[in-house]
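[1] Coordinates only, no sequence provided:
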């Protein structure tokens, strides 16, 4: 009798273990208008990965890529999203993250803003002023690109290194004169009338992109899982391009944003997403060279070893 009970118990434990996910993918999502946020809202990653024995665990929202990458570097998450510029800064810092998806950034979802009542009307007038940026990321990139294009020496403008929520407060409180930012923060301050656009991504010559990153160790151990994630993100991207207003409304709901910005978010945040092919890898390397030339990072990091075409 005791033997039979033990056998039944072991069968029960084995069955329970068999039902447990073999892998858990820990995702750090941002307060960002990207396809990862749409996948979270739709539950599409869970639906795609559960049959593969993969569970999904969400962490966030992070205000920007930098804290999410820190979490990845510390072993707390496996996958996140950011910009090609944040990828370069992360690689310069030695973080072993691999870029596996690439989405050109719309000119309308990044830019430099000033307060609505500011006397400043051009980038050239930023000389002697203070601009809020995130260190090494999109904000600093946009500011330096804008100054280069306006022939303003970069050292003539003070950079206040702040996270997006602090930058917003600093701008409205008059502690900085301008803020280089991106969506959804850009659409929010333009939508509520507290800020005015000084220059958008096109006007500053931005070559930025949205990018998806996975830790090198997770990719090496579970490449098919990352490939499946990419296919989900691409499907979400196709859906968003055909349902821009609905995508904007999801971002508003998921990120706790004012309802009035939904249409603008849908218009400017639905560029096509694709794999990181040779052209994309070369382009990221080009921006890395620019970062070195403009003294944002001290030396060019290895880019080629940390990008992958996940479709191959």
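    Ah, there it is. Bear in mind the structure is a predicted one, so any value in this text is a computation, not a measurement.
[2] So, low pLDDT: which residues of the chain?
    1-21 (pLDDT under 70).
[3] now the strands for it?
    Applying DSSP state E to the chain gives strands spanning 23-30, 54-62, 79-83, 97-104, 110-115, 130-133, 158-161, 178-182, 195-200, 209-215.
[4] Please identify the deepest-packed of those.
    Greatest average neighbour count among the strands of the chain goes to strand 178-182 (a mean of 28), per mean count of other C-beta atoms under 10 Å. For every residue, glycine as well, the C-beta is placed using N, CA and C.
[5] Give me the residues contacting that strand.
    With contacts defined as C-beta atoms under 8 Å, 6 or more residues apart in numbering, strand 178-182 is touched by 83, 105, 109-114, 118, 120, 126, 129-133, 138-140, 142-143, 146, 164, 167-168, 170-171, 189, 195, 198.
[6] Format the strands of the chain as a markdown table; extra columns: distance to residue 239.
    Formatted as a markdown table, the strands of the chain follow (distance: least, C-beta to C-beta, whole Å):
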| stretch | distance to residue 239 |
| --- | --- |
| strand 23-30 | 18 |
| strand 54-62 | 19 |
| strand 79-83 | 17 |
| strand 97-104 | 14 |
| strand 110-115 | 23 |
| strand 130-133 | 33 |
| strand 158-161 | 36 |
| strand 178-182 | 22 |
| strand 195-200 | 26 |
| strand 209-215 | 16 |
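[7] So residue 306 sits against residue 100, correct?
    No: Residue 306 is not in contact with residue 100 according to C-beta atoms under 8 Å; the separation is 10.0 Å.
[8] Can you report how many residues neighbour residue 271?
    Neighbours of residue 271 under the rule other C-beta atoms under 10 Å: 16.
[9] What separation do you get for it and residue 210?
    To residue 210, residue 271 is 8 Å away according to C-beta to C-beta, to the nearest Å.
[10] same check, this time on residue 263
    Applying C-beta to C-beta, the value for residue 263 to residue 210 is 20 Å.
[11] which ones are touching the most centrally placed residue in the chain?
    The chain has residue 82 as the residue nearest its centroid, 2.1 Å off, counting by C-alpha atoms, centre = their mean. Residue 82 sits next to 30, 64-66, 68-69, 90, 137, 210-211, 213 when contact means C-beta under 8 Å, 6+ apart.
[12] could I get those residues as CSV with distance to residue 36?
    Formatted as CSV, these follow (distance: C-beta to C-beta, whole Å):
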residue, distance to residue 36
30, 8
64, 14
65, 12
66, 16
68, 11
69, 14
90, 17
137, 17
210, 9
211, 11
213, 11
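[13] so which of those residues comes closest to residue 23?
    For the contacts of residue 82, the closest approach to residue 23 (C-beta to C-beta) belongs to residue 213, at 17.9 Å.
[14] Surely that closest one touches residue 102?
    No: counting by C-beta under 8 Å, residue 213 does not reach residue 102; the two are 10.9 Å apart.
[15] So in terms of bridging, what pairs with the residue nearest to the centre of the chain?
    residue 211 (DSSP bridges).
[16] roughly how far apart are it and residue 255?
    From residue 82 to residue 255 the distance is 16 Å (C-beta to C-beta).
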